[in-house]
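Visitor: The sequence and its predicted three-dimensional model are supplied below.
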Amino acid sequence: MAKRPPGFAAWYARVANFKLEYLFTRHPGPGAPRSIFFNQNLPDSYFDPKGRPKKEHIFPTNQVISSKYTIITFLPRNLLEQFRRIANMYVSTACTASLHPN
């Protein structure tokens with residue numbers, strides 16, 4: 001029986017375990033362990049010579065943004081949502097055609 005290359009087994013395992021949902025979700029890797037200091041100053045080793053926290057000790061915030069629109073994205077997203085339906089596109093075309101004096 002022919003021997004399979006070792007890379008093929010890894011590739012086949014990835015294909016066999018593939019799920020379509022993985023394309024639409026974010027899966028961040030595991031982060032570095034954290035130390036939490038309550039009512040204490042951070043150790044001096046957490047700061048660089050200029051007094052700023054080192055990059056390895058800066059973590060993302062827990063802020064959650066649940067708004068669908070921002071000031072910049074309101075018009076493009078709203079138009080995309082409206083013209084996704086064919087009936088809205090038809091009404092828009094009919095209204096635009098009725099505005100011309102011919």
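Guide: Great, that's in hand. Numbering: from 1, shown residues only.
Visitor: Tyr46: neighbour count?
Guide: 15 (other C-beta atoms under 10 Å). The C-beta positions use only the backbone N, C-alpha and C, and glycine is treated the same way.
Visitor: likewise Ser92?
Guide: Neighbours around Ser92, by other C-beta under 10 Å: 13.
Visitor: For it, give me its contacts.
Guide: Going by C-beta atoms under 8 Å, 6 or more residues apart in numbering, Ser92 touches Phe83.
Visitor: do the one 5 residues further on as well
Guide: Counting by C-beta under 8 Å, 6+ apart, Ala97 touches no other residue.
Visitor: The one residue sitting closest to the centre of the chain: what secondary structure?
Guide: Taking C-alpha atoms, centre = their mean, the centroid of the chain lies closest to Arg26, which sits 6.2 Å from it. Put simply, Arg26 is coil when judged by DSSP: H, G, I helix; E, B strand; the rest coil.
Visitor: Over to Val91?
Guide: helix.
Visitor: what about it, neighbour count?
Guide: With other C-beta under 10 Å as criterion, Val91 counts 12.
Visitor: Check the one 3 residues further on too.
Guide: Here the count is done by other C-beta under 10 Å, and Ala94 has 9 residues near it.
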